[in-house]
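**Student:** coordinates only, sequence not included:
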């Protein structure tokens with residue numbers, strides 16, 4: 001499922017990535033993928049779907065490679081501005097299938113967005129945590145290796161993927177703190193928005209600024225202490241940001257600033273800016289951006 005409010009409208013035609021003036025005659029002109037370029041393809045199917053709660057979005061799709069396990073397992077988190085009406089886990093089907101073909105299992109989670117009952121704070125975060133922790137519960141059933149999990153998130157889902165990796169650093173007072181969160185070995189952030197305070201102040205980001213307020217809620221002294229990844233630095237595991245140079249949804253200064261702050265805090269972080277790449281290319285299996293992401297995934301499983 002994907003619908004087309006402001007974020008998707010920007011991507012529907014790709015017009016937002018056109019230069020202000022015509023390029024020189026000798027220069028190639030990059031035309032970004034639109035959402036329909038991806039979502040109107042034949043959609044592959046997962047091998048199984050499990051529920052971790054009673055609400056409709058509280059599901060995980062399981063993608064299994066051929067052969068016996070335990071399989072190298074990727075935890076995947078979709079984006080869509082933390083908003084269920086924009087996107088759900090099916091947006092990641094094409095790259096999940098690509099990883100399955102390459103011999104990885106994929107644990108593709110969903111969660112309640114800010115626009116539906118139970119979403120926002122703490123529900124969106126609690127859902128992501130419960131969905132991640134359910135991987136261990138079902139690992140034996142599906143032949144998953146829960147001892148070394150690499151997380152991949154796109155856009156708002158990259159924020160949640162990094163947040164999942166940093167859960168051990170949540171304040172003791174947070175209702176989201178867990179005594180034994182699923183350990184994550186590495187995170188690949190594809191066009192992510194991990195710094196919620198910066199996102200809330202960036203009027204040029206494709207998700208807008210109001211959605212951050214819906215996500216973090218109200219009535220607490222510090223709304224970002226247990227929600228923004230920047231407040232949880234160092235994450236404590238290696239992570240890679242892969243971003244598109246021509247992404248008009250995620251302004252490049254946001255991943256650059258987060259990379260600098262993470263390194264200053266002592267994290268092993270990398271930032272790769274891929275040319276001729278917008279926001280959709282990051283989750284399209286034929287693109288250089290996804291090839292780069294897969295290299296980073298493989299590195300996460302290397303001994």
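**Tutor:** Looks like it came in fine. Because the structure is predicted, anything quoted here is derived from the model rather than measured. Numbering: from 1, shown residues only.
**Student:** Relative to residue 205, how far out is residue 255?
**Tutor:** Distance of residue 255 to residue 205, computed by CB to CB, to the nearest Å: 11 Å. The C-beta positions use only the backbone N, C-alpha and C, and glycine is treated the same way.
**Student:** Mind checking which of these two has more residues around it?
**Tutor:** residue 255 (24 against 21; other CB atoms under 10 Å).
**Student:** Going by neighbour count, which residues of the strand or helix carrying that one are buried?
**Tutor:** If you go by DSSP states H and E, residue 255 is part of helix 253-264. Judged by neighbour count using 16 or more other CB atoms under 10 Å, the buried positions of helix 253-264 are 254, 255, 258, 259, 261, 262.
**Student:** Surely residue 91 is in contact with residue 81?
**Tutor:** No: at 11.9 Å, residue 91 and residue 81 do not qualify as touching, with contact defined as CB atoms under 8 Å.
**Student:** if I look at the nearest residue to residue 228 once chain neighbours are set aside, how far off is residue 251?
**Tutor:** Spatial nearest neighbour of residue 228, excluding adjacent residues (CB to CB, 6 or more residues apart in numbering): residue 196 at 3.9 Å. Separation of residue 196 from residue 251 (CB to CB) stands at 15 Å.
**Student:** who's more crowded, those two?
**Tutor:** When residue 196 and residue 251 are compared for neighbours, residue 196 comes out ahead with 22 against 19, by other CB under 10 Å.
**Student:** tell me the contacts of that one?
**Tutor:** Each residue near residue 196 by CB atoms under 8 Å, 6 or more residues apart in numbering is listed here: 159, 212, 215, 216, 224, 227, 228, 229, 230.
**Student:** Sitting in strands, which of the residues you listed do you find?
**Tutor:** Taking DSSP state E, every one of the contacts of residue 196 sits outside strands.
**Student:** and which of these is nearest to residue 239?
**Tutor:** Lowest distance from residue 239 to the contacts of residue 196 (CB to CB) belongs to residue 229, with 9.5 Å.
**Student:** Let me know the distance separating the residue nearest to that closest one when sequence neighbours are not counted from residue 33.
**Tutor:** Leaving aside its chain neighbours, residue 229 sits nearest to residue 194 (3.8 Å; criterion: CB to CB, 6+ apart). Distance, residue 194 to residue 33, using CB to CB: 23 Å.
**Student:** so which strand or helix has the residue lying closest to residue 168 once chain neighbours are set aside?
**Tutor:** Excluding the flanking residues, the one nearest residue 168 by CB to CB, 6+ apart is residue 181, at 6.1 Å. Under the criterion DSSP H and E, no helix or strand holds residue 181.
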